[in-house]
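Chemist: Provided below are the primary sequence and the corresponding predicted coordinates.
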Protein chains: 2
Amino acid sequence: MKNTQVLLARRPAGVPRENDFRVVEDDVRALASGEFLVENLYLSLDAGFRNWMNEESGDDVLPAMPLDRPVMGLTLGRVCQSRHPDYAEGALLMARLAWEEYSISDGSDFIVRLESDGRYPLHYHLGVLGDTGMSAYFGLHDIGRPQPGETVLVSAAGGAVGSIAGQIARIHGARAVGLVGSAEKCARLCRDLGYDEAIDRSAPDVAERIAAACPEGVHVYFDSVGGPLLEQVLVHIAEGAGIPFGGAAPAYNAPVPLPGPSNLFALVLKSARLEGFMTHRNVDRYPEARSALSGWLDDGRLRSVEYIHEGVAQAGVGFCHLFEGRNFGKSVVRVRDDDASPARR
Amino acid sequence: MKNTQVLLARRPAGVPRENDFRVVEDDVRALASGEFLVENLYLSLDAGFRNWMNEESGDDVLPAMPLDRPVMGLTLGRVCQSRHPDYAEGALLMARLAWEEYSISDGSDFIVRLESDGRYPLHYHLGVLGDTGMSAYFGLHDIGRPQPGETVLVSAAGGAVGSIAGQIARIHGARAVGLVGSAEKCARLCRDLGYDEAIDRSAPDVAERIAAACPEGVHVYFDSVGGPLLEQVLVHIAEGAGIPFGGAAPAYNAPVPLPGPSNLFALVLKSARLEGFMTHRNVDRYPEARSALSGWLDDGRLRSVEYIHEGVAQAGVGFCHLFEGRNFGKSVVRVRDDDASPARR
């Protein structure tokens, strides 16, 4: 059985480029006892994984990615062969595996079992009903905790998590204001996702626009960017503000560490919280979040927007698009149609 | 009646110098209706007030201090004349007034009424039983929340708040590790305040010493410094760490804003919290904190260490000592003995 894979060919210097990745075809090896084979259907493209492409990035979340090995990422797939007692053929899984058609696991990877009743497109389990939706849900519920009438500012509002976070803010009766990279995305944010206001963060007067859009201050800043933008927002935070902090995309690409915001003292003056979170640490509560999110999908208050690439070979290109700001909504790679999967029950 | 006052003669350029302050003698003016006169007994010297000596520092906590006016600060005093229905002569108050013998208020200042049964020295109501103790209490209880056996690292452990925070950490069964400015203070910290370990932050290998003193990571970092030291500590924070953030002394003195820590992403990786607080915003809960703190004083588990200056004219000099690291424990100025106060009941 042939296995198309996308390898990390070299460590990105700054923003990832297409040449940092290489597409190869390998053979799937035989399973050892205790292993199972996953046929990947979709790959999730997440800027956060850029961090572990750096040479000395290993930490207790992930090791640094090895060169010339398939790029690590979140995948959605079905078990298609198994020599492991807990993973039967046909089981649907979201897992931290790799950019390839087939992955072998011994069950020690980050794995979430899924049930799909076919109500939603399968890739929703990587997006709005997967880690992406979980990030928006836990970041807003556990950390941001907006009250009705308060203002929630979202840093990468056109991204996968941000496109959902603003909608959840509105479901809670808060105003949603989004920061995005272009005037065109501003329009889509308000039209397609119901944001109350949108700000083009490439504009020269971002600070003034934030102040104008948040006249009572920023009660919740849903941040996946950090850096200079966080510094600008800190000037406008409201008393008791909560800042769910889920990532720092510009920092992953920096050849030397970027200085942090110079005005962290604003947190003291405003009794405000900057609180980091890693979504997978809440895995025990995924059912609670999934139930809330699917309820909102069903009653039409929440919608998913996707940016889909066709074929595993496109994973590297699609990953680069994230950093060029070309995606709007959740970026996924369709490896193959589930209907075409012989493992599907 | 003569009133010795310490004025802000010029805005400090960097670290405050004695010449930034000027001692003058003025006459106390007659009270208008609705005003009362406070005879100040003690002044609290707090590095945090340095911030409002800068020209453009006004915020919703305090306005920027005007030049040639008495320096604003926390004081402990008695009402000695009153034309205000709510403030009777003899009432003991902690208030945000000024470095002077007599202050006039109309009741709109930050004022906390005190009862003293003479069990404790009066100046405790500015220190361990005043805003200082409140900062240690609320920072540790509400934000840090250490568990027994966890490690609490305190940034300015020889300072007023830090000298208490480490003791409270130990009362809660946590290990207390303190950062101080000299080897001599390290010795005092362990000997006089019961810290488990002390680190001289002027040593070249501070990062290694933090790692060695906190082998399971820093569960709580009680920070009133921010800046480069926060950056070094972030490398060693434990999963789920809480960082009560009560001040950023080096930032007050900086002619241009200091860059923040370049590794704030550590907050994401460790699901950790950096949470600012202003103690006076908990004023409704001061009785709860005071009751806990006095209980610990009574049973000998908590002790107060003071650094006392004699006479209001010493306030400027004493304030400069804070930034030279000369104080150990709570810095106060004794304006006059309460026994000598004719207003005392």
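Modeler: Now that the structure is in, tell me what you want to look at. Numbering: from 1, shown residues only, chains lettered A, B, ... in the order given.
Chemist: Stretch A:202-217 and chain B, are they touching?
Modeler: No: applying Cβ under 8 Å from any Cβ of the partner chain, one finds stretch A:202-217 separated from chain B by no less than 10.1 Å. Quick note: C-beta positions are derived from backbone N, CA and C, even for glycine.
Chemist: and the helix or strand hosting residue A:274, what does it pack onto?
Modeler: Here residue A:274 sits within strand A:273-276, counting by DSSP states H and E. The contact analysis (3 or more Cβ pairs under 8 Å, 6 or more residues apart in numbering or on different chains; DSSP states H and E) places strand A:273-276 against strand A:237-245, helix B:265-269, strand B:273-276.
Chemist: buried residues in the next helix-or-strand element following it?
Modeler: On the C-terminal side of strand A:273-276, the closest following helix or strand by DSSP H and E is helix A:286-298. For helix A:286-298, the neighbour count (16 or more other Cβ atoms under 10 Å in any protein chain shown) marks A:286, A:289-290, A:292-294, A:296-297 as buried.
Chemist: how about the residues of chain A near chain B?
Modeler: Counting by Cβ under 8 Å from any Cβ, chain A sits next to chain B at A:51, A:59-61, A:226, A:230-231, A:239, A:245-248, A:251, A:257-278, A:281.
Chemist: Now the stretch 101-250 of chain A against chain B: closest residue?
Modeler: Of all residues in the stretch 101-250 of chain A, residue A:248 sits closest to chain B, at 4.5 Å by Cβ to the nearest Cβ.
Chemist: Can you report how many residues lie near residue A:76?
Modeler: For residue A:76, the count of nearby residues is 28 (other Cβ atoms under 10 Å in any protein chain shown).
Chemist: for it, what are its contacts?
Modeler: The contact partners of residue A:76, taken as Cβ atoms under 8 Å, 6 or more residues apart in numbering or on different chains, are A:40-44, A:92-94, A:114, A:122-123, A:125-126, A:130.
Chemist: Give me the buried subset of these.
Modeler: A:40-44, A:92-94, A:114, A:122-123, A:125-126, A:130.
Chemist: Rebuild those as JSON lines, extending it with secondary structure and pLDDT.
Modeler: Shown next, in JSON lines, are these (DSSP: H, G, I helix; E, B strand; the rest coil; pLDDT from 0 to 100):
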{"residue": "A:40", "secondary structure": "strand", "pLDDT": "97"}
{"residue": "A:41", "secondary structure": "strand", "pLDDT": "97"}
{"residue": "A:42", "secondary structure": "strand", "pLDDT": "97"}
{"residue": "A:43", "secondary structure": "strand", "pLDDT": "98"}
{"residue": "A:44", "secondary structure": "strand", "pLDDT": "96"}
{"residue": "A:92", "secondary structure": "strand", "pLDDT": "95"}
{"residue": "A:93", "secondary structure": "strand", "pLDDT": "95"}
{"residue": "A:94", "secondary structure": "strand", "pLDDT": "93"}
{"residue": "A:114", "secondary structure": "strand", "pLDDT": "90"}
{"residue": "A:122", "secondary structure": "helix", "pLDDT": "93"}
{"residue": "A:123", "secondary structure": "helix", "pLDDT": "94"}
{"residue": "A:125", "secondary structure": "helix", "pLDDT": "93"}
{"residue": "A:126", "secondary structure": "coil", "pLDDT": "94"}
{"residue": "A:130", "secondary structure": "coil", "pLDDT": "91"}
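Chemist: Dump those residues into TSV; add distance to residue A:18 as well.
Modeler: Below are those laid out as TSV (distance: Cβ to Cβ, whole Å):
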residue	distance to residue A:18
A:40	21
A:41	24
A:42	21
A:43	16
A:44	19
A:92	31
A:93	29
A:94	27
A:114	31
A:122	27
A:123	23
A:125	28
A:126	22
A:130	26
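Chemist: Closest one of those to residue A:32?
Modeler: Closest approach to residue A:32 among the buried ones among the contacts of residue A:76 (Cβ to Cβ): residue A:93, at 18.9 Å.
Chemist: mind listing the strands in the stretch 1-150 of chain A by residue range?
Modeler: For the stretch 1-150 of chain A, applying DSSP state E, counting those that start in this stretch gives strands covering A:2-8, A:21-27, A:36-44, A:72-82, A:92-98, A:102-105, A:111-114.
Chemist: Packed most tightly, which of the helices and strands packed on strand A:273-276 would that be?
Modeler: strand B:273-276 (a mean of 27; mean count of other Cβ atoms under 10 Å in any protein chain shown).
Chemist: what's that strand in contact with?
Modeler: A:264-276, B:143, B:241-246, B:264, B:267.
Chemist: what about dumping the CA coordinates of that strand to PDB?
Modeler: Taking Å, rounded to 0.1, in the frame of the first residue of the first chain, the C-alpha atoms of strand B:273-276 are listed here in PDB:
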ATOM      1  CA  ARG B 273      -1.900  33.000  34.400                       C
ATOM      2  CA  LEU B 274      -0.300  36.500  34.800                       C
ATOM      3  CA  GLU B 275      -2.800  38.400  36.800                       C
ATOM      4  CA  GLY B 276      -2.500  42.100  37.800                       C
END
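Chemist: Pull the distance from it to the chain's centre.
Modeler: What separates the centre of strand B:273-276 from the centre of its chain is 18 Å, taken as Cα atoms, centre = their mean, to the nearest Å.
Chemist: Ok, stretch A:253-268 next?
Modeler: 22 Å.
Chemist: can you check stretch A:326-336 too?
Modeler: Taking mean C-alpha positions (Cα atoms, centre = their mean), stretch A:326-336 and its chain are 11 Å apart.
Chemist: quick one: contacts of it?
Modeler: By Cβ under 8 Å, 6+ apart, stretch A:326-336 touches A:39-46, A:77, A:99, A:101, A:123, A:126-128, A:132, A:158-160, A:163, A:185, A:188, A:304-312, A:314-315, A:318-319, A:321-322.
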